[in-house]
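[1] sequence-free structure coming up:
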Ligand code: IPM
Ligand code: MN
């Protein structure tokens with residue numbers, strides 16, 4: 001099979017972790033007789049530096065013409081403490097999500113048996129955790145009307161949702177729940193927010209079409225608490241953009257390292273696969289970042305974008321093997337030897 005993949009390495013540790021994922025994908029392609037055509041493109045701070053735009057039109061065209069996008073990370077500290085910066089790397093990410101119509105962000109959280117004790121949470125709390133957040137990604141307060149008034153003394157961000165936006169996200173949630181344990185949790189703040197009441201009302205209507213799915217409705221503050229108390233009681237969770245942003249960071253620590261969790265963003269056009277960690281500026285160029293989240297994102301890409309399940313399993317298996325044998329970067333090595341980013345990549349290629 002011919003796989004056309006746009007490669008957006010981005011900033012910070014992005015290029016380092018992406019390089020490992022490319023090695024692993026190429027090795028899988030050789031093993032299973034596929035032909036990957038990688039098309040690199042600029043995004044993030046490096047795109048601002050090069051052409052003044054964090055998501056240039058040329059990059060957008062490359063993404064549109066690809067079968068899938070593999071993405072590293074964006075962000076640069078020089079923008080973080082400068083609220084007056086006119087263009088910011090993160091705008092590239094938001095523009096990309098919007099222009100590619102990536103309305104659903106799929107963020108799984110699962111545990112690795114060999115890493116249970118790396119988690120800050122107790123073993124009995126997290127064993128068996130296997131949940132998936134479906135975060136709405138192109139609406140809500142991220143994209144609503146925003147601005148300043150009263151001569152700059154008042155600021156506002158507006159949260160807006162349409163029923164259609166809720167339906168298309170929730171539909172993916174119900175469908176996913178049907179392929180798993182048929183449990184769906186709708187996370188909202190319907191005791192306070194009108195948008196949340198629209199979410200809840202819409203999901204309640206839709207639930208009639210999925211009689212086999214048990215739907216629970218929980219307030220976001222309670223979920224924030226229960227997620228670290230009993231993560232293994234959840235399965236599929238659907239939620240709006242900002243709640244999803246916050247809860248998925250929280251969920252990512254359950255597994256023991258944020259450097260492990262993959263994600264997919266799907267919608268109308270090309271799907272995008274990316275690690276959920278950010279650009280980790282302090283580690284840039286040091287060859288110490290954990291490449292596994294990106295490599296596991298590539299596994300999601302093989303399975304979901306190309307229907308290549310066996311290839312995805314091969315990647316997951318070799319990743320599990322590396323974890324069991326302690327071939328891990330410093331975030332996971334504890335008192336044992338820490339391997340470099342590139343050494344982990346090499347080991348995976350050799351052992352695939
Ligand atoms: C994420 C990130 C982004 C978000 C930022 C970088 C704009 O935190 O992908 O979760 O808030 O969506
Ligand atoms: Mn986030």
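    Great, that's in hand. Model, not experiment: these values are computed from the prediction. Residues are numbered from 1 along each chain as shown. Ligands and ions are numbered 1, 2, ... in the order given.
[2] quick check, residue 8 in a helix?
    No. Residue 8 is assigned strand when assessed by DSSP: H, G, I helix; E, B strand; the rest coil, not a helix.
[3] Which residues does it form beta bridges with?
    residue 71 (DSSP bridges).
[4] and the gap between it and residue 72?
    7 Å (C-beta to C-beta, to the nearest Å). For glycine as for every other residue, the C-beta is placed from the backbone atoms N, C-alpha and C.
[5] go on, residue 209?
    Distance from residue 209 to residue 72, by C-beta to C-beta: 39 Å.
[6] Return the per-residue confidence for residue 82.
    With respect to pLDDT, residue 82 has a value of 81.
[7] where's residue 278, which helix or strand?
    Using DSSP states H and E, residue 278 falls within no helix or strand.
[8] Find the nearest non-adjacent residue to the residue of the stretch 151-300 of the chain found nearest ligand 1, please.
    Ligand 1 sits closest to residue 245 of the stretch 151-300 of the chain, with a gap of 4.5 Å, by C-beta to the nearest ligand atom. Nearest non-adjacent residue to residue 245, counting by C-beta to C-beta, 6 or more residues apart in numbering: residue 135, 6.9 Å away.
[9] Would you mind confirming that the one you found makes contact with residue 242?
    No. The pair residue 135 and residue 242 does not pass the contact test of C-beta atoms under 8 Å, sitting 9.2 Å apart.
[10] Compare the two and say which is more crowded by neighbours.
    residue 135 (26 against 16; other C-beta atoms under 10 Å).
[11] and residue 157, what are its bridge partners?
    Beta-bridge partners, per DSSP bridges, of residue 157: residue 146.
[12] which residue does the stretch 1-150 of the chain bring closest to ligand 1?
    For the stretch 1-150 of the chain, C-beta to the nearest ligand atom, closest residue to ligand 1: residue 90, 4.0 Å.
[13] of all the residues in the stretch 151-300 of the chain, which ones are close to ligand 1?
    residue 245 (C-beta under 6 Å from any ligand atom).
[14] quick one, helices of the stretch 151-300 of the chain?
    Per DSSP state H, counting those that start in this stretch, the stretch 151-300 of the chain carries helices over the ranges 163-179, 194-207, 220-229, 241-252, 292-300.
[15] okay, those, which one's buried deepest?
    Comparing these by mean neighbour count (mean count of other C-beta atoms under 10 Å), helix 292-300 ranks first with a mean of 26.
[16] Please work out the average pLDDT along that helix.
    98.
[17] That helix vs helix 241-252, what angle?
    Angle of helix 292-300 versus helix 241-252, following axes from the mean of the first three to the mean of the last three C-alpha atoms, to 10 degrees, is 110 degrees.
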